[in-house]
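A.B. asks: any chance you can model this:
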Amino acid sequence: MRIHFIAIGGSAMHNMAIAMKLKGNNVTGSDDEINEPSRSRLDKHGLLPAQMGWYPEKITADIDEVILGMHAREDNPELVRARELGLRIFSYPEYLYEQSKDKTRIVIGGSHGKTSITAMILHVMKQCNVDTDYMVGAQLEGFETMVKVTAEAKYIVLEGDEYLASPIDRRPKFHLYHPNIALLSGIAWDHINVFPTFDIYVEQFRKFIDLIEPRSNGENGVLVYCEEDAVLKSIAPQHGNNIDRKPYGVPAHVIRNGVTYLLRDGKEIPLLIFGEHNLMNLTGARYVCNAIGIPDEQFDSTIQSFKGAARRLELVLKKDSFNCYKDFAHSPSKLKATTAAVKQQFPDRHVVACMELHTFSSLTAEFLKEYNGAMNTADEAYVYFNPHTIAHKKLPPITMEQVRAAFARPDLKVSTDSAALMNELQAKNWNNSVLLFMTSGNFDGVDFAEVARSLHT
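C.D. replies: Purely as a prediction, here's the structure:
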């Protein structure tokens with residue numbers, strides 16, 4: 001097959017391109033800008049475009065399939081040419097379904113925890129020698145790429161994002177996968193530029209449950225869901241046809257000397273991860289693994305070595321009396337869960353939480369009020385945002401006073417100068433402390449490891 005990727009540099013797109021080449025296809029692609037790590041990975045596999053930009057003359061009738069990334073616009077010159085020629089055009093989630101129609105599709109959805117739960121399941125399946133294809137939203141230790149698609153694997157594990165599939169397909173990505181086994185971790189309003197009300201957002205999850213299909217062996221489809229989430233607890237029993245439901249919550253556990261232990265069947269199972277949200281994620285992952293025949297004993301023995309996905313409560317630096325973590329948390333529910341997890345794990349340490357308002361939703365004045373109390377469990381809290389990012393996203397400006405009022409924490413420190421914020425952190429004494437960075441960006445180019453090493457401890 002000859003396959004062309006429009007906007008090949010995206011995090012999911014470049015991994016899909018590599019997977020398709022490894023499957024033996026003739027793969028080409030284009031983009032107007034490709035950053036690391038996509039650039040190096042594409043170059044390694046001979047897929048880096050020779051020149052940046054869009055070249056409609058390269059779209060010819062002998063191309064079998066065109067994969068369209070979200071970064072491309074509807075008037076993209078290559079897309080226009082592909083439509084003129086009547087070529088088969090797919091969004092990447094649509095194409096993933098095409099590649100997995102004959103497999104058992106395991107789809108992990110929810111407003112938070114998707115990457116972590118997907119990573120846990122893949123870690124256990126790999127340790128148990130269960131061959132599977134996959135698509136996950138972060139680089140995982142022991143996995144070369146974020147996408148694997150083969151002819152042989154019986155299963156595929158997919159991180160099911162609710163954002164739009166492509167510029168010409170306005171369906172949520174996870175609606176296109178038609179899961180046989182599905183997990184939903186929770187529902188907290190996000191992507192307000194696409195789902196302007198909470199009800200519209202929740203409706204996407206109702207539809208997702210209704211799309212669960214029976215397994216290939218004729219058994220019912222499966223829905224694993226977090227019953228700690230009030231909205232999910234309400235809608236999960238009301239939707240889905242001929243599916244088995246498996247609710248989960250926080251498992252029994254204990255924390256001793258900074259280590260979390262699961263308590264099950266009279267045993268203590270030490271973990272490298274921590275936080276109630278991660279313990280719930282782990283329980284959901286266990287139920288999914290049970291559904292494909294992996295018993296609890298195998299799950300427990302393999303999950304002990306799981307370190308977490310990249311940027312999901314990732315340990316940056318550890319000293320005798322100081323730990324630094326970075327986390328992808330950016331929405332209100334994620335901030336609340338991550339901050340609470342760190343304080344619960346280190347109750348006797350001074351916890352300093354720093355978050356960056358970076359996404360479209362978080363930089364919207366209307367949505368800011370959702371952050372009320374989101375960082376209250378931290379002993380000290382900082383919020384950073386860059387006014388230039390707001391202007392780039394073509395949003396109305398917000399003020400430092402608006403941010404402080406939204407978080408409803410009088411002692412909250414708000415900054416619009418990343419360098420000044422880092423200098424302020426470096427001037428503090430960090431003995432018996434934890435520093436937590438939370439962002440879907442990087443505080444405008446901050447090297448978190450370098451900052452952590454430079455702190456006075």
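A.B. asks: so which residues of the stretch 251-400 of the chain form strands?
C.D. replies: Counting by DSSP state E, counting those that start in this stretch, the segments of the stretch 251-400 of the chain that form strands are 253-256, 259-264, 267-270, 314-319, 322-327, 350-356, 380-384.
A.B. asks: for K428, which of these is the nearest?
C.D. replies: strand 350-356 (7.7 Å; C-beta to C-beta). Backbone N, C-alpha and C define where each C-beta goes, glycine included.
A.B. asks: that closest one vs strand 380-384, what angle?
C.D. replies: Per axes from the mean of the first three to the mean of the last three C-alpha atoms, to 10 degrees, the angle that strand 350-356 makes with strand 380-384 is 10 degrees.
A.B. asks: which strands and helices lie in contact with strand 350-356?
C.D. replies: When contacts are defined as 3 or more C-beta pairs under 8 Å, 6 or more residues apart in numbering; DSSP states H and E, strand 350-356 sits against helix 332-345, strand 380-384, helix 418-426, strand 433-438.
A.B. asks: how about those in JSON lines, adding mean neighbour count?
C.D. replies: Output for those, formatted as JSON lines (neighbours: other C-beta atoms under 10 Å):
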{"stretch": "helix 332-345", "mean neighbour count": "23"}
{"stretch": "strand 380-384", "mean neighbour count": "22"}
{"stretch": "helix 418-426", "mean neighbour count": "15"}
{"stretch": "strand 433-438", "mean neighbour count": "24"}
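A.B. asks: how about these, which one is nearest L164?
C.D. replies: helix 332-345 (20.5 Å).
A.B. asks: contacting residues around the closest one?
C.D. replies: 111-112, 186, 188, 255, 258, 260, 274-278, 313, 325, 327-329, 351, 353, 355, 370-379, 434, 436, 438 (C-beta atoms under 8 Å, 6 or more residues apart in numbering).
A.B. asks: just to revisit the earlier point, got the helices and strands packed on strand 350-356 as a markdown table, with distance to Y177 and mean pLDDT columns?
C.D. replies: Listed next are the helices and strands packed on strand 350-356 as a markdown table, based on distance: least, C-beta to C-beta, whole Å; pLDDT from 0 to 100:
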| stretch | distance to Y177 | mean pLDDT |
| --- | --- | --- |
| helix 332-345 | 23 | 91 |
| strand 380-384 | 35 | 97 |
| helix 418-426 | 38 | 95 |
| strand 433-438 | 29 | 96 |
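A.B. asks: quick one: end-to-end distance for stretch 167-183.
C.D. replies: 26 Å (C-alpha to C-alpha, to the nearest Å).
A.B. asks: again, but for stretch 80-95
C.D. replies: Start-to-end, stretch 80-95 (C-alpha to C-alpha) is 19 Å.
A.B. asks: off-centre distance for the helix or strand E94 falls within?
C.D. replies: Element membership for E94 (DSSP states H and E) is helix 92-100. The chain centroid and the centroid of helix 92-100 are separated by 19 Å under C-alpha atoms, centre = their mean, to the nearest Å.
A.B. asks: next one: stretch 362-369
C.D. replies: The answer for stretch 362-369 is 21 Å, by C-alpha atoms, centre = their mean.
A.B. asks: got the buried residues for it?
C.D. replies: Neighbour counts over stretch 362-369 (16 or more other C-beta atoms under 10 Å) mark 362-364, 367-368 as buried.
A.B. asks: pLDDT of the host helix or strand of T118, averaged?
C.D. replies: Assessed by DSSP H and E, T118 sits inside helix 114-127. In this model, helix 114-127 has a mean pLDDT of 95.
A.B. asks: other SSEs contacting that helix?
C.D. replies: Checking 3+ C-beta pairs under 8 Å, 6+ apart, helix 114-127 ends up next to strand 104-109, strand 132-135, strand 155-159, helix 276-291, helix 296-303.
A.B. asks: give me the helices and strands touching the longest one, please.
C.D. replies: Under the contact criterion of 3+ C-beta pairs under 8 Å, 6+ apart, helix 276-291 touches helix 114-127, strand 181-184, strand 221-226, strand 243-248, strand 259-264, helix 296-303, helix 332-345.
A.B. asks: so which of those is the most surrounded?
C.D. replies: Burial of the helices and strands packed on helix 276-291 is given as mean neighbour count (mean count of other C-beta atoms under 10 Å); strand 181-184 ranks first at a mean of 28.
A.B. asks: who's in contact with Q426?
C.D. replies: Q426 is in contact with 451, 454-456, counting by C-beta under 8 Å, 6+ apart.
A.B. asks: ditto for K103
C.D. replies: By C-beta under 8 Å, 6+ apart, K103 lies in contact with 133, 153-156.
A.B. asks: do F299 as well
C.D. replies: Contact partners of F299, counting by C-beta under 8 Å, 6+ apart, are 124, 285-286, 289-290.
A.B. asks: would you turn the helices and strands packed on helix 114-127 into CSV with distance to E65 and mean pLDDT?
C.D. replies: As requested, the helices and strands packed on helix 114-127 are exported to CSV (distance: least, C-beta to C-beta, whole Å; pLDDT from 0 to 100):
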stretch, distance to E65, mean pLDDT
strand 104-109, 20, 98
strand 132-135, 17, 96
strand 155-159, 18, 97
helix 276-291, 30, 96
helix 296-303, 37, 96
